[in-house]
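A.B. asks: Sequence plus the predicted model coming up.
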Amino acid sequence: MSTDTIVKLQSAADAEVSREHVKINKLGSSISPQDFIKLLKNADNKVNPRSAKKNPITESIQQTLTETPELFWLKSKGLLLATENCEILERNRVRLSFKDPDYEGIMDGGHNALAIASFIAGRLFKQTFKTWAECKEFWNGNYDAGSKGALAFELLLFHLARNLIPQSRAQAYDAAWGTRTLIWEDIVAAEPSLRAQALVQAVRQARRDLARGLEWGRIHRLRLIHPLGNLPLIGRRFRFADLPASGTSETLMKTAHGITNRRHVARYGSVARHISDLADPDANLFALLGGQDGWFGSTTFADQVELWRRGEYVSVPLQPETARARAAHHTVITPEPRS
């Protein structure tokens, strides 16, 4: 599993070089809640001799977040991350790699990380963490259909954006593609005290939405429908599935959607998967979101939908002898003799 994490810095990505001219560079910046959650997934706390656990310090941090969130920026020293590989990318982003947890990860600020994560989970799920291990286990960053964490994050993003972004601009974002970056830029550009207040309000709003006990796939849907399915009266005959969907707009398994707290369908995403081992002509795996046959009523019209949902594949060998040996069915075509 990849340990690379790409985060967007909210200030210029200019590295400070060590005065002793050793290979130690430093970057300092604030990051968005979204990128904080990414770090929770990949950055561990093992490099810190003190393993983070619940104590008066974490309780004090959470008290600040609850009662005076506008002062959090002044009281917190943040997180200190250590990594051997930090690549500066375009658009003020950096790629961090945490391959060796004994030397890379959250070197300092583990209790800050635990307290912030506990604050969010406590407000959304009434979940508390006593140790860093419990925190890591609770949020793994995946957008599985059954994930409550993914739903919590999307609800938090929705309400935070609605609290900070003017309605006219939000409507323009909803009508366009790929506007999440613009939404985050607006959130980051907001005045810090207003953003902090909006975040606390968004947590309360997201918590109310989560009180219904839903999971990500209950509101994020994958609908398989032919264009004729939009017709009145007969359209239902051309609607083939309405399934809980994994993924989101920014995952490798893309199922793009607007930010919302309502039931919605993915409007763009992956429709085919293909894996081949170039050293083995017989190692080819395929899956289609639907089936191989486009003829209505065919047995292979939508027979790969369940394969797709389970993350499984159809094996397609290319060497004739392998294909013959693995064949489950044989079709013999005999031409009619000429009269």
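C.D. replies: It's in.
A.B. asks: Only C-alpha atoms from now on, for both contacts and neighbour counts.
C.D. replies: OK.
A.B. asks: Could you check how far the nearest residue to G258 once chain neighbours are set aside is from L74?
C.D. replies: Sequence neighbours aside, D174 is the residue nearest to G258 in space, at 6.1 Å (criterion: Cα to Cα, 6 or more residues apart in numbering). Distance check for D174 against L74: by Cα to Cα, to the nearest Å, it reads 35 Å.
A.B. asks: Those two: who's more crowded?
C.D. replies: A count of neighbours by other Cα atoms under 10 Å puts D174 above the other of D174 and L74, at 15 against 9.
A.B. asks: does the nearest residue to G294 once chain neighbours are set aside count as helix, strand or coil?
C.D. replies: The spatially closest residue to G294, leaving aside those adjacent along the chain, is F301, at 5.7 Å (Cα to Cα, 6+ apart). Taken by DSSP: H, G, I helix; E, B strand; the rest coil, the conformation at F301 corresponds to coil.
A.B. asks: in the lengthiest helix in the chain, what counts as buried?
C.D. replies: Ordering each helix of the chain by length in residues (DSSP state H) puts helix 192-210 first. For helix 192-210, burial by neighbour count (16 or more other Cα atoms under 10 Å) applies to 195-207, 209-210.
A.B. asks: what number of residues lie near the residue nearest to G294?
C.D. replies: Residues near F301, counting by other Cα under 10 Å, number 15.
A.B. asks: Enumerate every residue touching K54.
C.D. replies: K54 makes contact with H111, L114, A115, F129, K130, T131 under the criterion Cα atoms under 8 Å, 6 or more residues apart in numbering.
A.B. asks: outside of stretch 92-105, which residues touch it?
C.D. replies: Residues contacting stretch 92-105 (Cα under 8 Å, 6+ apart): 3-13, 42-47, 81-89.
A.B. asks: mind running it again at 7 Å?
C.D. replies: For stretch 92-105, the surrounding residues in contact (Cα atoms under 7 Å, 6 or more residues apart in numbering) are 3-9, 12-13, 42-47, 81-83, 85-88.
A.B. asks: just stretch 185-203 next, same as before
C.D. replies: Outside of stretch 185-203, the residues within contact range by Cα under 7 Å, 6+ apart are P69, E70, R123, L124, L156, H159, L160, A161, N163, L164, I165.
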